[in-house]
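Novice: For reference, the sequence and a predicted model appear below.
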Amino acid sequence: MTDSSPLLQVQDLQVHFDTPDGVVKAVNDVNFEVKKGETLAIVGESGSGKSVTSLAIMRLITGRNAGGKILFENQNLLEKSMDEMRAIRGNDISMIFQEPMTSLNPVYTVGWQIIEAIRTHLNETYKQAFERAVEALDLVGIPEPRARMGNYPHQLSGGMRQRVMIAMALSTEPKLLIADEPTTALDVTIQAQILQLMRRLQREMSMSIIFITHDLAVVAEMAQRVVVMYSGNVVEEAPVNDLFKHPRMPYTIGLMRSMPGRHGYKTANNRLEIIPGSMPNPLQLPSGCAFHPRCRFMEKGTCTSTPPKLEEIEGNRLIRCARKDEVKQQLQEEKLKQEKSGATHAI
Amino acid sequence: MQYEQASPASDTSSLDQPESASQPLLEVRNLQKTFPIGNRFNRKYVKAIQDVSFSMNTGEVLGLVGESGSGKTTVGRCIVRLIEPTGGDVFFQGKNLAKASRQELRSLRKPLQIIFQDPFGALNPRMKVGAIISEGMKIHNIAHGEQARERAKELLKKVGLSENHIDRYPHEFSGGQRQRIGIARVLAVDAKFIIADEPVSALDVSIQAQVINLLQDLKEEYGLSMLCISHDLGVVEHISDRVAVMYLGRLMEIGTKEDIYDNPRHPYTQSLLEAMPVPDPERPRKDENILQGDIPSPISPPSGCVFRTRCPIATKECAEVVPPLEEVSPGHLKACIRQ
């Protein structure tokens, strides 16, 4: 299904914001690529820069000094004029957001809104666009799509609204769909429906998806490759199976182990393993590795003086950690010790 | 743990629970809440909770799970009467909170405290942290002035903040820190029973784990009992001893954590667990088991079993009778007539 040529390449992307208190480096040197038909997940907590990255791809945010390149089918999106961008957005790249209520206009019917999107991007008559919209609603599993065309957003449930958003995003058959936390506001059973829908549509339309989320379990359900972000940097990138089996960057390890429930990692007295502290203030990033104040593998000097580089390691993976070999060794020792004492766990 | 009454406002013996062999800490019986909507010419009722009964023992953590609209938050609020229940009884330490007068309630519910979901909305932005924490102490006559301030400092340290945070305003704190302030405020009035309404839903994963650990530490240290309301099945599995599952205002299943997670007997619980995303990319995806449709409107819930419209094994009979909560094994109850 996935063919190897990249659809989107993000190279050394930087997005900085000037604030009265200084420069916020929201996205700092981000690199990744999305292949045709592939789902790439970007994981991170609030403030990691994952949403800014996606908005930058759509040029919905400029910031200062947006350095680097965003190559979509080998054309740099950062050099496009606003008119050219408008033709790409919605046509080639679509986006869905977390809040299906605020993304839809409350004073127009959903049908009107989908038709508007179609007619903006495709040269179709109202009638053709109407039929296409009904088709799109049907595709995303909305019962009685023709009747739903006349509904206002408030008449639909959260899950239905998200389906409408997806229908709108897909009505122009984009090559790339950017989904920014599309299921975070939804209940688990509705989340499962939407994830299933997205998997099915991707299969049928063979588009690429950038799936942005903070939820590692959802990543495991959706992605083929995963990019982990922290403080505006990519800290780890790996194929999904490898990442979940052997996370290498201490932050990724911490995230996986702090998941509550049976898939997490419990310490001796039934506590969750935690990452201490919180995300650093983007105005005063720590010296060296941005994660070092929270890292249990931290070594003074190595981690505190120079920022580590994103390096390629075996198995087509990237990792940003100056002590990656020591971390790997220490984890193996811990695992051995635990196996001796009888405890078993996933990571 | 002895609970001392702050101000015995009046004689509350009329609220005593009828004698029974073993008295639980909290017993909720046939709790009901309907909200009127519409206007007086077109009156309708939202049946938020219908006939919910359960009991909890001292030191126990009961997880209450369900999707939005299931009524789980309303149950929590009805227990402390932040929302007035329309029917049923709530016995706490043998006293019926649902029948108490406003004045009696003030002292009766002192040991019952809530931690709210939204750490941004739950703290008054115009009050300093010290005032937020000591307000309850003053109202319940536990400590005043300098004494209250000292105690607030102690509590701040206890929840992992620093005592010089006491003169700051809520906006100076992150979400996780604010949730800690909410926890300190609850401890300030010697709470024995905490209703934690989605305590970590608004927090990032790494911060979420910190707050869960803090709740567990404090629970052990103070011997607290807790009703943990959450839509997050992972959080509930980690923190609870027993779990209750709600759907459209009714209890579907209740049992120990192991009963619910390893041996769910109600089709709703089963589909809820099935829908939970699993952090294992190699797990085969079972798309056909996904529950279809949405939760129906609580204004006109389905007749009989409220889950039957989405239930994979519903029959005609399910539309006729409201399934009673029946024991499948000791302590494990389900409301489903199908075996």
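Specialist: That came through fine.
Novice: Low-confidence stretches in the chain?
Specialist: Going with chain A. A:1-4, A:63-66, A:100, A:341-347 (pLDDT under 70).
Novice: Wait, chain B was what I had in mind.
Specialist: B:1-12, B:19-22, B:286-288.
Novice: and the residue lying closest to A:Ile313 once chain neighbours are set aside, what does it touch?
Specialist: Counting by CB to CB, 6 or more residues apart in numbering or on different chains, A:Ile313 lies nearest to A:Ile319, which is 5.7 Å off, once chain neighbours are set aside. To be clear about C-beta, it is placed using only N, CA and C from the backbone, and glycine gets the same treatment. A:Ile319 is in contact with A:235-237, A:248-249, A:310-311, A:313, counting by CB atoms under 8 Å, 6 or more residues apart in numbering or on different chains.
Novice: Where neighbours are concerned, which of those residues has the most?
Specialist: A:Met249 (28 neighbours; other CB atoms under 10 Å in any protein chain shown).
Novice: just to revisit the earlier point, reformat the contacts of A:Ile319 as JSON lines; add distance to A:Glu204 and secondary structure.
Specialist: Output for those, formatted as JSON lines (distance: CB to CB, whole Å; DSSP: H, G, I helix; E, B strand; the rest coil):
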{"residue": "A:Val235", "distance to A:Glu204": "34", "secondary structure": "strand"}
{"residue": "A:Glu236", "distance to A:Glu204": "31", "secondary structure": "strand"}
{"residue": "A:Glu237", "distance to A:Glu204": "27", "secondary structure": "strand"}
{"residue": "A:Arg248", "distance to A:Glu204": "35", "secondary structure": "coil"}
{"residue": "A:Met249", "distance to A:Glu204": "35", "secondary structure": "coil"}
{"residue": "A:Leu310", "distance to A:Glu204": "35", "secondary structure": "coil"}
{"residue": "A:Glu311", "distance to A:Glu204": "38", "secondary structure": "strand"}
{"residue": "A:Ile313", "distance to A:Glu204": "35", "secondary structure": "strand"}
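Novice: Do a quick rundown of the helices in chain A.
Specialist: Ranges of helices in chain A, per DSSP state H, are A:50-57, A:82-88, A:100-103, A:110-121, A:126-139, A:145-148, A:158-170, A:188-205, A:216-222, A:240-245, A:250-257, A:324-340.
Novice: Compare those and give me the one nearest B:Gly145.
Specialist: Smallest distance to B:Gly145 across these (CB to CB): 42.9 Å, for helix A:250-257.
Novice: Pipe the helices of chain A into TSV and attach distance to chain B and mean neighbour count per row.
Specialist: Compiled in TSV, the helices of chain A are given as follows (distance: least, CB to the nearest CB, whole Å; neighbours: other CB atoms under 10 Å in any protein chain shown):
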stretch	distance to chain B	mean neighbour count
helix A:50-57	12	24
helix A:82-88	31	13
helix A:100-103	13	16
helix A:110-121	16	20
helix A:126-139	15	18
helix A:145-148	13	16
helix A:158-170	6	24
helix A:188-205	4	19
helix A:216-222	4	23
helix A:240-245	4	19
helix A:250-257	6	23
helix A:324-340	18	13
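Novice: and B:Tyr222, which of these is closest to it?
Specialist: Counting by CB to CB, B:Tyr222 lies closest to helix A:250-257 out of the helices of chain A; the figure is 27.1 Å.
Novice: got the contact list for the nearest residue in space to A:Ala217 that is not next to it in sequence?
Specialist: Excluding its sequence neighbours, the residue lying closest to A:Ala217 (CB to CB, 6+ apart) is B:Pro277, at 3.7 Å. By CB under 8 Å, 6+ apart, the residues touching B:Pro277 are A:188, A:191-192, A:195, A:215, A:217-218, A:220-221.
Novice: try B:Gly234
Specialist: With CB under 8 Å, 6+ apart, B:Gly234 has these contacts: A:217, A:259-264, B:276.
Novice: Equivalent analysis for A:Leu177, please.
Specialist: Taking CB under 8 Å, 6+ apart as the test, what A:Leu177 contacts is A:93-96, A:169-170, A:207-210.
Novice: could you dump those to CSV with distance to B:Ala148?
Specialist: Listed next are the contacts of A:Leu177 as CSV, based on distance: CB to CB, whole Å:
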residue, distance to B:Ala148
A:Ile93, 57
A:Ser94, 56
A:Met95, 51
A:Ile96, 50
A:Ala169, 55
A:Leu170, 59
A:Met207, 61
A:Ser208, 59
A:Ile209, 55
A:Ile210, 52
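Novice: which of those residues are buried?
Specialist: Among the contacts of A:Leu177, those buried by neighbour count (16 or more other CB atoms under 10 Å in any protein chain shown) are A:93-96, A:169-170, A:207-210.
Novice: tell me the secondary structure for the residue nearest to A:Ala217?
Specialist: At B:Pro277 the chain is in coil, as set by DSSP: H, G, I helix; E, B strand; the rest coil.
Novice: And what about the residue in the stretch 1-150 of chain B positioned nearest to chain A, helix, strand or coil?
Specialist: Scanning the stretch 1-150 of chain B for proximity to chain A using CB to the nearest CB identifies B:Glu67 as nearest, at 3.9 Å. In three-state terms, and counting by three-state DSSP, B:Glu67 is coil.
Novice: That one: neighbouring residues, count only.
Specialist: 21.
Novice: What residues does the residue nearest to it when sequence neighbours are not counted make contact with?
Specialist: Leaving out its chain neighbours, the residue that sits closest to B:Glu67 by CB to CB, 6+ apart is A:Asp187, at 3.9 Å. Taking CB under 8 Å, 6+ apart, we find A:Asp187 in contact with A:158-159, B:67-68, B:231, B:295.
Novice: how about these, which pair is most distant?
Specialist: A:Gly159 and B:His231 (13.9 Å).
Novice: Domain map for chain A?
Specialist: A:1-92+A:174-347, A:100-173 (automatic domain parsing).
Novice: Pull the contacting residues for whichever residue of chain A sits closest to chain B.
Specialist: Here chain A gets closest to chain B at one residue, A:Gly261, 3.0 Å apart by CB to the nearest CB. Contacts of A:Gly261 were listed using CB under 8 Å, 6+ apart, and they are B:233-235, B:237-238.
Novice: just the residues you listed now: which is nearest B:Gly121?
Specialist: Using CB to CB, the contacts of A:Gly261 come closest to B:Gly121 at B:Val235, 20.1 Å.
Novice: and stretch B:227-236, how far from the chain's centre?
Specialist: 9 Å (CA atoms, centre = their mean, to the nearest Å).
Novice: Figure out the length between the terminal residues of that stretch.
Specialist: End-to-end distance for stretch B:227-236: 10 Å, by CA to CA, to the nearest Å.
Novice: Mind listing what's buried along that stretch?
Specialist: B:227-236.
Novice: could you dump those to TSV with distance to B:Lys153?
Specialist: Conversion of the buried residues of stretch B:227-236 to TSV gives the following (distance: CB to CB, whole Å):
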residue	distance to B:Lys153
B:Leu227	29
B:Cys228	28
B:Ile229	30
B:Ser230	31
B:His231	35
B:Asp232	32
B:Leu233	37
B:Gly234	34
B:Val235	30
B:Val236	33
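Novice: That'll do, ta.
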